[in-house]
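J.: What follows is a predicted structure for the sequence shown.
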Amino acid sequence: MIIGMVRYAIPNSFTNTNNSRSLVQLYEEPYFSDRFNIFRNITLPSFAQQTSQDFVLCVYHTNLIPDDKKVLFDNLAKQYPFMRNVYTTGQMDIPDDLKEPHMLTFRIDNDDGMALDFVEKMHDIKKSYKNYNLTISMPQMRKIAKIDNDLYQTLTSEFISNSMGLAYLGNDGRSIMNLGNHTKVAYSTPMLFVAGNGGLQVINGYNVANGFNKIYKNQTPDVFLNKQEMENLLAGDGYAKLDLSCLPIINK
């Protein structure tokens, strides 16, 4: 079993911050609906169409989640059998029934997607490195943003400690979330680099850390495409058929 971990909303209290937003703000509009629509129409479909379905995607929420929002996520878990909601006081622990002596866990943000062969590649790695404790990175990723009704901006880049699909394989009981700051894991644990498209990063206008202006190694020039052209490009990259109309328009 491959175990995915998504940190949806788990501040330490109802007023502490998570990604520079308090828990109250995380459930306010339009932020909540924009983020939820991306999770529902980009993230989950990218896993529903994986070439290997031998995985579980644990989605972590604060146990202070409002009841009307909890219903939405519970309904998604009924629609997608691989999805498991975990309501917690703050710790992102692996559920006991999923723990294994030799465990591979990966993390992904709640507004991103993975290429269709990602889980299959993780299974191959798990079989090949049975006696190792190591992190796994697929540095190449594609960024995408909707900048007008039928205009999308995209580029490919490489980011070594990529939160999308950054994984940990080990026999020590740790998960990818136990390793600390994901941008620094390459300095603390052995890292295996994997070729291919590692993830689809959605630029949604809310997360200041994700944008087109940040300089990455081997970053390509920006490309501007209409919806059909963007869908064709993603298909060529090995991504699922996704509903790009759910993306909010951002100011370029």
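T.: Yep, that arrived.
J.: Now do the helix or strand V71 falls within: distance to the chain's middle.
T.: Secondary structure from DSSP states H and E places V71 in helix 67-79. Taking the mean of its C-alpha atoms, helix 67-79 sits 19 Å from the chain's own mean (C-alpha atoms, centre = their mean, to the nearest Å).
J.: In it, which residues are buried?
T.: K69, F73, L76 (16 or more other C-beta atoms under 10 Å). Using the backbone N, CA and C atoms, a C-beta is placed for each residue, glycine as well.
J.: again with stretch 161-172
T.: The neighbour-count check on stretch 161-172 (16+ other C-beta under 10 Å) flags S161, N162, S163, M164, G165, L166, A167, Y168, L169, G170 as buried.
J.: Turn those into CSV, including distance to Q228, secondary structure and pLDDT.
T.: Below are these laid out as CSV (distance: C-beta to C-beta, whole Å; DSSP: H, G, I helix; E, B strand; the rest coil; pLDDT from 0 to 100):
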residue, distance to Q228, secondary structure, pLDDT
S161, 34, coil, 73
N162, 28, coil, 74
S163, 29, coil, 73
M164, 25, coil, 79
G165, 27, coil, 86
L166, 32, strand, 92
A167, 33, strand, 96
Y168, 38, strand, 97
L169, 39, strand, 97
G170, 43, strand, 95
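J.: Mind picking the two most distant members of those?
T.: The span of these, defined through C-beta to C-beta, is set by M164 and G170 at 19.9 Å.
J.: for the helix holding V71, packing partners?
T.: Contacts defined by 3 or more C-beta pairs under 8 Å, 6 or more residues apart in numbering; DSSP states H and E place helix 67-79 against strand 55-62, strand 83-88.
J.: Please name whichever of those is nearest to F106.
T.: Here strand 55-62 is closest among the helices and strands packed on helix 67-79 (C-beta to C-beta), at 8.9 Å.
J.: the helices in this structure, which residues?
T.: With DSSP state H, the ranges of helices along the chain come out as 23-26, 31-38, 44-48, 67-79, 118-128, 227-237.
J.: Give the buried residues for the last one.
T.: Right, helix 227-237. M230, E231, L233, L234, D237.
J.: sorry, back to before: ranking the helices of the chain by mean pLDDT, which is last?
T.: Sorting these by mean pLDDT places helix 23-26 lowest, at a mean of 80.
J.: Report the distance from that one to the chain centre.
T.: 20 Å.
J.: Alpha carbons only: can I get it in CSV?
T.: The C-alpha trace of helix 23-26 is given here as CSV (Å, rounded to 0.1, in the frame of the first residue of the first chain):
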residue,chain,number,x,y,z
LEU,A,23,-8.8,28.6,10.5
VAL,A,24,-11.7,31.0,10.3
GLN,A,25,-10.4,32.5,7.1
LEU,A,26,-9.8,29.0,5.6
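J.: Going by neighbour count, list what's buried in it.
T.: L23, L26.
J.: which residues does S245 contact?
T.: K227 (C-beta atoms under 8 Å, 6 or more residues apart in numbering).
J.: make that H182, sorry
T.: Here H182 is in contact with R107, S161, S163, L166, I176 (C-beta under 8 Å, 6+ apart).
J.: Tell me which residues touch the closest residue to F193 other than its chain neighbours, please.
T.: Counting by C-beta to C-beta, 6 or more residues apart in numbering, S137 is the residue found nearest to F193 once chain neighbours are left out, at 5.7 Å. By C-beta under 8 Å, 6+ apart, S137 lies in contact with I160, S161, N162, G165, L166, A167, A186, M191, L192, F193, V194, G198.
J.: go again using 6 Å as the cut-off
T.: By C-beta atoms under 6 Å, 6 or more residues apart in numbering, the contact set of S137 is I160, N162, L166, M191, F193.
J.: neighbours around the residue nearest to the fourth one when sequence neighbours are not counted, how many?
T.: Using C-beta to C-beta, 6+ apart and skipping the chain neighbours, the partner closest in space to M191 is T135 (4.8 Å). A count of nearby residues for T135, using other C-beta atoms under 10 Å, gives 23.
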